[in-house]
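1. Fold the following.
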Amino acid sequence: MNDILRLKQRLEQKPHGKGGGGRNIHTGAAPIKAEHLEHLATQLQGILDWWQKEQLLPGAIVDIEYRSVIPKSSRVQSLLAGSGKKPNDTIVGARFSDGDQKHIITHYVANLALLESTIEKLLEAKRLLEDEKRFGGQITHKQIAELDESIDYEAYDHSKSSFCNVIVDSYHVENFRIPQNKVDPDETSIVTLYDTGLDVIDLMRNLGIEVQPGNRIYTSTLLLDPAQIELLNNRAPFLVAMSVEELTKIDTYDSADTNEPDSVITIPDPTDEPVIGVIDKMFSDEVYFSSWVEFRDMLDVNIPRSADDATHGTAVSSIIVDGPSFNPQLDDGCGRFRVKHFGVATGDSFSSFTIMKLIRQIVIENPEIKVWNLSLGSNKEIGRNSISPVAAMLDQLQYERDVIFVVAGTNKNSTDGEDEKIIGSPADSINSLVVNSVGASGAKASYARKGIVLSFFNKPDLSFYGGDGNDGIRVCTPLGESFMVGTSFAAPWVARKLAYMIHILGLSREVAKSLIIDSAAGWDAQSADKALAPYIGHGVLPTHINDIVKSQDDEIRFIISGTSEEWDTYNYNLPIPVDNGLHPYVTRATMCYFPKCSINQGVDYTNTELDLYFGRIADGKLSKYVKAINGNVQQVLDGERHPVNEKDARALYRKWDNTKRVQDVYNSRVRAKTAYENGLWGLSVKTNNRLNNDDGQDIKFGVVATLKELGGKNRIETFVQQCQLRGWLIERIDVEAQVDIYNQSQQNVDFDQ
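-> As a prediction, this is how the structure comes out:
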């Protein structure tokens, strides 16, 4: 097998250029009629009248219902604008409508005068449209493009640009409304309110709801009991962005008979093996590997415990410490790991609010732990329009800190029957590596629950063997040997591999995650199967670590790490070997990064988009560019910008997803690619932000690319030589050598006195 290569060379940075002309509606779109502008103005007037009577807030919370899934560039720019604030600055939430998928974006307008001025803008633009000599009551794409200064815009309280913006805004907007979101009053719930800039404790007090400071997490997320919820529903349902029940029933797992093993298993004392963090139920020190586990019970001493509380957590930690010893068919070549195990739950349920606080405390207090296994999950399905609070906490921690969570994809239980069931919290965590289960044959497990998340994100990320039916994963419990099935027992195998790559091989979490997902997908790209992907993610991860951190003899596999400092982070200097004027390869690339996320933005959850372009360098009309292997044309093609419908951009190019996979079609008809001048390829990563331009500043990414030689030849040495000639630093990821280096680095050195 070939070693993976780590390539290092300067990645250039380039800021975004100037925009491409004035705004317009789509070519061929229906004309915008004066009646539609009047319709919007009438709706806003009703909203203004309502908020003038409502004294709780100084401003107004307003929903904008768009005609489709809307890109940032097509959000309103003139409507609701004023006082030095852009409408994008006032967004406090986003969701999709029922039925046909359309964006509903919620704004908090702090000054009611903005509503008044928006109504005037609409009515004056309507008056201009009704000018029979100019437009005759409607305006088309062509007429907008041909707007000039011959019109006396000032007579209608507009400039040319403001009139154009009102028209284009109105085209995209179908309705204005006041949000009304009630919370189930029968259960204590975690409730997220729209961020109005006011202190939520004071705001609740004005409603007669007394909330203790300790019952707040995030800026505007509160723990409310049924009585408080009833008051909120009756007085201010317009404040509610999202909610979830606070008491979470843990999803179940199946266990076969527990037995005494045929022979006594022994284990040496731990030395300096890497440590994986486990956040789970309790742990029993009455097991043979207890010296490898440091256990901390994080719950109040007054909470009752039972013997069963240690079964699940002990079984999970047994896999991480010593799983291959009693599951030789799953030997991954990663050795043993120490565990720092934190008990955060007992019984068959847990407090989501308590879990959130404990997870944050645990991660902050243990910065040396880079890989965390979380095999607890909710029996309840995730929401359609919002991330669960626990998942949001995981995403926030992974953005802020150099850690990665491996999260079990949750299970169906026997009472769920044959019906599909959506995954439960926190398997909706976007930054985490979410793992579902397959059986020994590689088919999705009978208990597998289904993604996707927020109608878009491909969760789970991948699958591994978690047992099914009578074919369970062998684990160690407080009562002895047991065979269990569930995603809880698939996730630890992935955590082991991640920890090996990060601690032993010295890879960044971005690169390690990319390698894991890329290896699961392979060349089969099971994620292309739209029916199967929501269950298995990108594919089934290979068992042995060598199948992840090495490549086949006919493959060139390399990794490039980078940091986005400007809009475009790029390198056009990759020399891909040429044979008779052709590149005889099929190609794929995977990129992962950990963006900042905003729970109060609903379906527009990830703040930053890194858009991946990988392919040959071509000469365009205006400049050289990367001709992406997946045909990505969102930003540039032939040196020119080609706009892409937002829905298509998400479906085809995974816009706003923090995992990007691009791949050539690989079948018997694939042919070598024509080599352009010098046979150079390039990498370009373009950064876009939804809210604040600083959100994507200095965000790290890892890219793994694989070239498979169509004729089966091994061209890796040619590639290495050509890279060195073009100034690349090449490091071979030699697994055996890295293990030796790690072992030597952990040895104590005695200095002579």
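2. From now on I want contacts and neighbour counts done on CA atoms only, so please keep to that.
-> Will do.
3. who touches the most centrally placed residue in the chain in this structure?
-> The C-alpha lying nearest the average C-alpha coordinate of the chain belongs to Ile430 (C-alpha atoms, centre = their mean; 3.0 Å). Residues in contact with Ile430, defined by C-alpha atoms under 8 Å, 6 or more residues apart in numbering, are Ala391, Asp395, Phe457, Lys459, Asn658.
4. Surely the second one is in a strand?
-> The one in question is Asp395. No: applying DSSP: H, G, I helix; E, B strand; the rest coil, one finds Asp395 to be helix, outside a strand.
5. Now it. Nearest residue, chain neighbours left out?
-> Computed as C-alpha to C-alpha, 6 or more residues apart in numbering, the closest residue to Asp395 that is not its neighbour in sequence is Asn431, at 5.3 Å.
6. so the one you found touches Gln398, yeah?
-> Yes: shown here, Asn431 and Gln398 form a contact pair, counting by C-alpha atoms under 8 Å, at 6.7 Å.
7. mind listing what's buried in the biggest helix by length in the chain?
-> When every helix of the chain is counted residue by residue (DSSP state H), the longest turns out to be helix 34-53. Neighbour-count burial for helix 34-53, counted by 16 or more other C-alpha atoms under 10 Å, picks out 34, 36-45, 47-48, 51.
8. Ok, stretch 575-593 next?
-> Within stretch 575-593, the residues that count as buried by 16+ other C-alpha under 10 Å are 575-578, 582-593.
9. and the two most separated of those?
-> Within the buried residues of stretch 575-593, Leu582 and Tyr593 form the most distant pair, 32.5 Å apart (C-alpha to C-alpha).
10. domain assignment for this structure?
-> As given by automatic domain parsing, the domain ranges for the chain are 32-177, 189-245, 267-549, 552-739.
11. just so I know, which of those lies nearest Gln746?
-> The minimum distance between Gln746 and the domains of the chain falls on domain 267-549, with 6.2 Å, by C-alpha to C-alpha.
12. coming back round to it: OK, contacts around the residue nearest to Asp395?
-> So Asn431 contacts Leu394, Asp395, Gln398, Tyr399, Ile404, Phe405, Tyr593, Phe594, Pro595, Asn658 (C-alpha under 8 Å, 6+ apart).
13. From what I see, Gln13 and Asp568 are in contact.
-> Yes: distance between Gln13 and Asp568: 5.7 Å, which falls inside the contact criterion (C-alpha under 8 Å).
14. Which single one of the buried residues of stretch 575-593 is nearest to Ala491?
-> Closest approach between those and Ala491, by C-alpha to C-alpha: Cys592, at 18.9 Å.
15. hmm, back to that, so which helix or strand takes in the residue nearest to Asp395?
-> When elements are assigned from DSSP states H and E, Asn431 belongs to no helix and no strand.
16. Can you check the pLDDT for it?
-> Per-residue confidence for Asn431 comes out at a pLDDT of 98.
17. Could you do Asp752 as well?
-> At Asp752, the model reports a pLDDT of 56.
18. now Ser463
-> Note for Ser463: predicted pLDDT of 97.
19. List the beta-bridge partners for it.
-> Applying DSSP bridges to Ser463 gives these bridge partners: Asn436, Val540.
20. ranges for the strands of the stretch 151-300 of the chain?
-> 173-177, 189-193, 216-217, 221-224, 240-245, 247-249, 254-255, 275-280, 293-297 (DSSP state E, counting those that start in this stretch).
21. Dump the fifth one to CSV, keeping only the CA atoms.
-> Coordinates of the C-alpha atoms in strand 240-245 are reproduced here as CSV (Å, rounded to 0.1, in the frame of the first residue of the first chain):
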residue,chain,number,x,y,z
VAL,A,240,-40.8,31.9,21.0
ALA,A,241,-38.2,30.8,18.4
MET,A,242,-38.1,27.1,19.3
SER,A,243,-38.6,24.7,22.2
VAL,A,244,-37.8,21.1,23.3
GLU,A,245,-38.9,19.0,26.2
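22. which residues touch it?
-> Defining contact as C-alpha under 8 Å, 6+ apart, one finds that strand 240-245 is touched by 93, 180-183, 187-194, 386, 388-389, 600.
23. cool, the last one as well?
-> Strand 293-297 is touched from outside by Met282, Phe283, Ser317, Arg338, Val339, Lys340, His341, Phe342, Gly343, Val344, with contacts defined as C-alpha under 8 Å, 6+ apart.
24. how about the third one, what does it touch?
-> With C-alpha under 8 Å, 6+ apart as the criterion, the residues that contact Ser317 are Val278, Val293, Val339, His341, Pro492.
25. same question, the fifth one
-> With contacts taken as C-alpha under 8 Å, 6+ apart, Val339 has the following neighbours: Val275, Ile276, Gly277, Val278, Trp292, Val293, Glu294, Ser317, Ile320, Val321.
26. okay but the first one is in contact with His341, surely?
-> This points to Val275. No: counting by C-alpha under 8 Å, Val275 sits too far from His341 to count as a contact (10.0 Å).
27. Can you tell me which of the strands of the stretch 151-300 of the chain is most buried?
-> Mean neighbour counts were taken over the strands of the stretch 151-300 of the chain using mean count of other C-alpha atoms under 10 Å, and the top value, a mean of 26, falls to strand 275-280.
28. returning to what we had before: the longest helix of the chain packs against which elements?
-> In terms of contact count using 3 or more C-alpha pairs under 8 Å, 6 or more residues apart in numbering; DSSP states H and E, helix 34-53 is assigned the packing partners strand 60-66, helix 113-129, helix 160-172, strand 173-177.
29. rerun at 7 Å
-> helix 113-129, strand 173-177 (3 or more C-alpha pairs under 7 Å, 6 or more residues apart in numbering; DSSP states H and E).
30. how about the CA coordinates for the longest one, as PDB?
-> The one in question is helix 113-129. Taking C-alpha atoms only, helix 113-129 is exported to PDB below (Å, rounded to 0.1, in the frame of the first residue of the first chain):
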ATOM      1  CA  ALA A 113     -40.400  53.900  12.300                       C
ATOM      2  CA  LEU A 114     -38.600  51.300  10.000                       C
ATOM      3  CA  LEU A 115     -42.000  49.700   9.300                       C
ATOM      4  CA  GLU A 116     -43.500  53.100   8.500                       C
ATOM      5  CA  SER A 117     -40.700  53.900   6.100                       C
ATOM      6  CA  THR A 118     -40.900  50.500   4.500                       C
ATOM      7  CA  ILE A 119     -44.600  51.000   3.900                       C
ATOM      8  CA  GLU A 120     -43.900  54.300   2.200                       C
ATOM      9  CA  LYS A 121     -41.200  52.800   0.000                       C
ATOM     10  CA  LEU A 122     -43.600  50.200  -1.200                       C
ATOM     11  CA  LEU A 123     -46.400  52.600  -1.800                       C
ATOM     12  CA  GLU A 124     -44.200  55.100  -3.700                       C
ATOM     13  CA  ALA A 125     -42.700  52.300  -5.800                       C
ATOM     14  CA  LYS A 126     -46.300  51.100  -6.500                       C
ATOM     15  CA  ARG A 127     -47.200  54.700  -7.600                       C
ATOM     16  CA  LEU A 128     -44.300  54.800 -10.000                       C
ATOM     17  CA  LEU A 129     -45.200  51.400 -11.400                       C
END
